[in-house]
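**Q** Fold the stuff below for me.
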Amino acid sequence: PLLLVGTYRSDEITRRHPFRPFLAEATRLPSTDTVELLRLDAAGVAQLLAEILGSQPRPGMVDDVLARCGGNPFLVEEVIAAGIDRRSGRLPPRLQDILLARTTSLSPTAAEVLRITAVGGPRIDDRLLCRVCPLAPEALDAALRELLDLHVLEPDAEDRGYVFRHALTAEAVYEDALPGERVRLHAAFARAIGEDPDLATAGGALAAVERARHWHRARNATEALPAWVEAATAAERVHAHPEALAAYENALELWPTIEGAEALAGLDEVELMRRAAEAAYHAGTLARALALAQHAFALVDERDERLRAAVLAERLGRYSWASGREGDAMAYCQRAVELAPERPPSAERARALAGHARILMLNWLDTAAARFAQEAIDAARQVEAVAVEAHAQNTLAMAKCWLGDEPGALSAMDE
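**A** Numbers count the residues shown, from 1 in each chain. The predicted model follows:
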């Protein structure tokens, strides 16, 4: 008996490749078995990284490498060898040449479409590509057929657009484009998405993030700053807190470079930092939340902006407690109550009292916690701050429970 084993790279088998007819005939034979080697999943990438590194990969490394290499073992090895496992690292010339080798035979028109697609992102909606690409529809279709036939691009899973077969190829093509060309194309993408958000690849609320990213890379800071603020707000509405934080961070990076930034953004730097800190807290990056809130607190004049300072102090108390810094949490919450004046009634005063009550309860100081929680409830009712009142009622219920007043605890929970 004779067993013949043959291998081939499916990426290289175009429609007109001479091997294609033989392959079609061979796979029809009952004695032929075909084994397709799929891309590595997260577990496979983790195992490969562990073998390459000789130790378990650090947290986040597997996700970064998987997103960048698409599970291709060769690319995983090359990326690790070059020390650019993070998504922001530039490709070394050798790897870039390898990735671009298959694009050298492209026609000029197909090469132009490929560069436009790379600027648009590893995945791009067909309608967005048509809007930005200056080619006639017939020429664009011919270029896309060429790119699909060479397996540089492939239809996306939803059949609405195109995606690079290997994400690293998109990076290589992007870096190979001229800087001025990239700037012009990013601006064109930003304008197109601004005119019709449904064209964005991300879709929904995250379309604003995509538009802001294009303005940022187009080096148009005056357009990018308000776009990042809008993007962060849109991400918050759908609880996409990591995306919101990234958008706020980009806005903060641009802030000192723009004259009249406050008017463009529709808020001042302190408010921008406060929102960024809250996004960081909800995203689980507690150290960043503390750093941003502390910076914002330092910029506030406590004599002229007591309520604003109280809000930041209360948040610092919450972030400190979540970070395991109980002593700092108590001090910040006490400071928040001291800063918020009793008159006139305000939601800020109610929130400061509620935050202080919660910290007292968490430190088993239940008698004091119940007293401050009741003060918070009374203050919240005066200004109809329902969410703050609910927060304080929850704290009051827990404090009464630990004090042995179960009927009172149940009553507070009902409230």
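**Q** which ones are touching G120?
**A** Counting by CB atoms under 8 Å, 6 or more residues apart in numbering, G120 makes contact with L128, L129, V132, L185, F189, T201. In short, each C-beta sits where N, CA and C put it, glycine included.
**Q** Of all pairs in the residues you listed, which one spans the longest distance?
**A** Spatial extent of those (CB to CB) is set by the pair L185 and T201 at 14.6 Å.
**Q** Out of these two, name the residue with the larger neighbour count.
**A** Legend: neighbour count by other CB atoms under 10 Å for L185 and T201, higher for L185 (23 against 20).
**Q** The more buried one reaches V132, doesn't it?
**A** Yes - between L185 and V132 there is a contact at 6.9 Å, judged by CB atoms under 8 Å.
**Q** Need the overlap of contacts for those two.
**A** Common contact partners of L185 and V132 (CB under 8 Å, 6+ apart): I116, G120.
**Q** can you tell me which of the contacts of G120 are in helices?
**A** Using DSSP state H, L128, L129, V132, L185, F189 are the members of the contacts of G120 that sit in helices.
**Q** Against I98, how distant is the second one?
**A** When CB to CB, to the nearest Å is the yardstick, L129 and I98 sit 26 Å from each other.
**Q** So between these two, which is more surrounded?
**A** Set L129 next to I98 and count neighbours by other CB under 10 Å: L129 wins out with 21 against 17.
**Q** What residues does the more buried one make contact with?
**A** L129 makes contact with V113, I116, T117, G120, L140, G161, Y162, according to CB under 8 Å, 6+ apart.
**Q** Spatially nearest residue to V132 (excluding sequence neighbours)?
**A** A188 (4.8 Å; CB to CB, 6 or more residues apart in numbering).
**Q** Local confidence estimate at L37?
**A** L37 carries a pLDDT score of 88 in this model.
**Q** Quick check: it is in a strand.
**A** No - using DSSP: H, G, I helix; E, B strand; the rest coil, the assignment for L37 is coil, not a strand.
**Q** how far away is it from A187?
**A** For L37, the distance to A187 (CB to CB) stands at 41 Å.
**Q** Check E262 too.
**A** In this structure, E262 and A187 are 24 Å apart, going by CB to CB.
**Q** ok, how many other residues are close to the residue nearest to V132?
**A** Using other CB under 10 Å, A188 has 20 neighbouring residues.
**Q** do the same with T14
**A** For T14, the count of nearby residues is 13 (other CB under 10 Å).
**Q** This completes my enquiry, with thanks.
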